[in-house]
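> Build me a structure from this.
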Amino acid sequence: MARFPAPARDWRFLAQRITGDGQPGAWLHKDLPLTGSTVTEVLSGPTQIGGTIDPVYRRLQADDGRPLLDEWGTVIYAEADGQIRGASIYRNGDFDGPQWRLDCAGFAAYPTGMGYEGEYLRAPGLPGFVNTDPLDIVRHIWAHIQGGLYSNLGLAVDDSTTTPVRVGTADDPEAVAGATSDGPVELNEWSTDDLGSVIDDLASTTPFDYRERHAWNNRRDEVLHSLEFGYPRLGARRKLRFVLGENIQTIPTVTRDGAKFANHVRFLGAGEGRDMVRADSRFNDGRLRRMATVDDKSVTGRNHAFARAGRELTARQLLPNITDVVVRDTPYTPLGSWDAGDEIRIVGEVDWMPIDLWFRVVSVTVSPDQPETIGMSLLRSDMA
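Numbering: from 1, shown residues only. So this is what the prediction gives:
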């Protein structure tokens, strides 16, 4: 079952100072008057809290003399029926008509744009990770970030989930022409300028999922923060009834994009000329061969390149797809009986096209203004 029963009726938004010392900051406001608010839980991504507020709040000061809504200094919590549904750090805002629209992102967004400081050495003089569980690298990244000055979010990172995958090899792919090794996984201050991208790349190639969790402590005076992992994924396949025109209240658009179709993908990585890292992925499906070429100079090994080519090939198949739906609360699919990461089966007909497909839920959006519905972003299960 999903974390929260729904539909929820009693919502409020709370604001708290966050300073990066790992300790709970002062409460700034315990009933922030957001309107048009939404809370979106994202699989392997940051929780998103959106809404507008009277512009006077952007000018209000807290007891510490700083703005109540202080960019990268205020965290906003969404609470429904007494449970924390999400947490997001206020990053920016702009006018939406006469109101101030908040731009907030969850704790999982914090590594984005953060560079590595120093250089990771597995032993003196030996840089990079070798034969390492990717989740251990992610844990190291979070420990490195939160160990920095004014960077501790108080986020507890899952320390028990493991994978059988191992990344990083001792040999240097640049030392041998045509090497099939990726070499060590290096983290350093001259080439690692976005630790969020490193985490997401490891998540897609391993693969594993991650998800934020936020909850009151027993005294209900402090919010606890955690990051959980799932290998190879979080969630479960749910035996629920999702029918177009029945509990899926709006008929979604079904797409088949022939312009992006390919049954042969060539991936180009690091290097130049015949020494360039290359990989091909293809299959014969009875159609004309269509090639797509993609490149990423950060990929230094063929194993990684083959994985990227395979994912690109799957993504370019000419398959019916649904990306977004809105679902009503019904006895067959009570809101709260599924969560981001779960798989659901959707059946029905769109434009005389029969649909009977399994989809992975990649995000779930709830709104206090529409408690009887829930929005979902989807990805075909055979493409997830």
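> The closest residue to A143 other than its chain neighbours pairs with what?
Among residues not flanking A143 along the chain, V157 sits closest, at 7.5 Å (C-beta to C-beta, 6 or more residues apart in numbering). To be clear about C-beta, it is placed using only N, CA and C from the backbone, and glycine gets the same treatment. Beta-bridge partners for V157, by DSSP bridges, are L227.
> Tell me which residues touch V157, please.
Residues near V157 by C-beta atoms under 8 Å, 6 or more residues apart in numbering: 138-139, 142-143, 226-227.
> Equivalent analysis for A109, please.
By C-beta under 8 Å, 6+ apart, the contact list for A109 reads 45-46, 89, 196.
> do that again at 6 Å, thanks
P46 (C-beta atoms under 6 Å, 6 or more residues apart in numbering).
> Buried among the contacts of V157? Make that a ChimeraX selection.
The ChimeraX selection below is limited to those of those classed as buried (16 or more other C-beta atoms under 10 Å):
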select :138,139,142,227
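> hmm, back to that, distance of the residue nearest to A143 from P134?
According to C-beta to C-beta, to the nearest Å, V157 stands 14 Å off from P134.
> counting contacts, what elements does the helix or strand containing V362 pack onto?
Counting by DSSP states H and E, the element that carries V362 is strand 353-366. The helices and strands touching strand 353-366, judged by 3 or more C-beta pairs under 6 Å, 6 or more residues apart in numbering; DSSP states H and E, are strand 35-42, strand 343-350, strand 373-380.
> export these to a markdown table and tack on mean neighbour count and mean pLDDT?
Listed next are the helices and strands packed on strand 353-366 as a markdown table, based on neighbours: other C-beta atoms under 10 Å; pLDDT from 0 to 100:
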| stretch | mean neighbour count | mean pLDDT |
| --- | --- | --- |
| strand 35-42 | 20 | 95 |
| strand 343-350 | 18 | 89 |
| strand 373-380 | 20 | 91 |
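> And the ones you listed: which comes nearest P184?
strand 35-42 (30.9 Å; C-beta to C-beta).
> Give me the contacts around the following helix or strand past the closest one.
Per DSSP H and E, the first helix or strand lying C-terminal to strand 35-42 is strand 48-53. Strand 48-53 is contacted from outside by 34-40, 76, 78, 86, 88, 96, 99-102, 104, using C-beta under 6 Å, 6+ apart.
> could you dump strand 48-53 to CSV, C-alpha only?
This file holds the C-alpha atoms of strand 48-53, laid out as CSV (Å, rounded to 0.1, in the frame of the first residue of the first chain):
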residue,chain,number,x,y,z
GLN,A,48,8.0,19.1,-5.8
ILE,A,49,5.7,21.5,-3.8
GLY,A,50,4.0,24.2,-5.9
GLY,A,51,1.6,27.0,-5.2
THR,A,52,1.2,30.8,-5.0
ILE,A,53,1.1,33.1,-2.1
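> Quick one: mean pLDDT for it?
In this model, strand 48-53 has a mean pLDDT of 96.
> quick one: the residue lying closest to P98 once chain neighbours are set aside from D63, how far?
Nearest in space to P98, with sequence neighbours left out and distances taken as C-beta to C-beta, 6+ apart, is P55 at 7.4 Å. Using C-beta to C-beta, we find P55 at a distance of 21 Å from D63.
> Please identify which of these two sits among more neighbours.
Neighbour count, other C-beta atoms under 10 Å: between P55 and D63, P55 has more, with 12 against 9.
> What's the local residue count around the residue nearest to Q61 when sequence neighbours are not counted?
For Q61, ignoring the flanking residues on the chain, the nearest one in space by C-beta to C-beta, 6+ apart is P67 at 6.1 Å. Other residues within reach of P67, judged by other C-beta under 10 Å, total 17.
> circling back to that earlier point, quick one: the residue nearest to A143 and W216, what's the gap?
For V157, the distance to W216 - C-beta to C-beta - is 20 Å.
> Quick one: low-confidence residue ranges for the chain.
In the predicted model, the chain carries pLDDT under 70 at residues 1-7, 172-181, 256, 318-319, 383-384.
> how's this protein carved up into domains?
11-106, 121-230, 242-255+320-383, 259-315 (automatic domain parsing).
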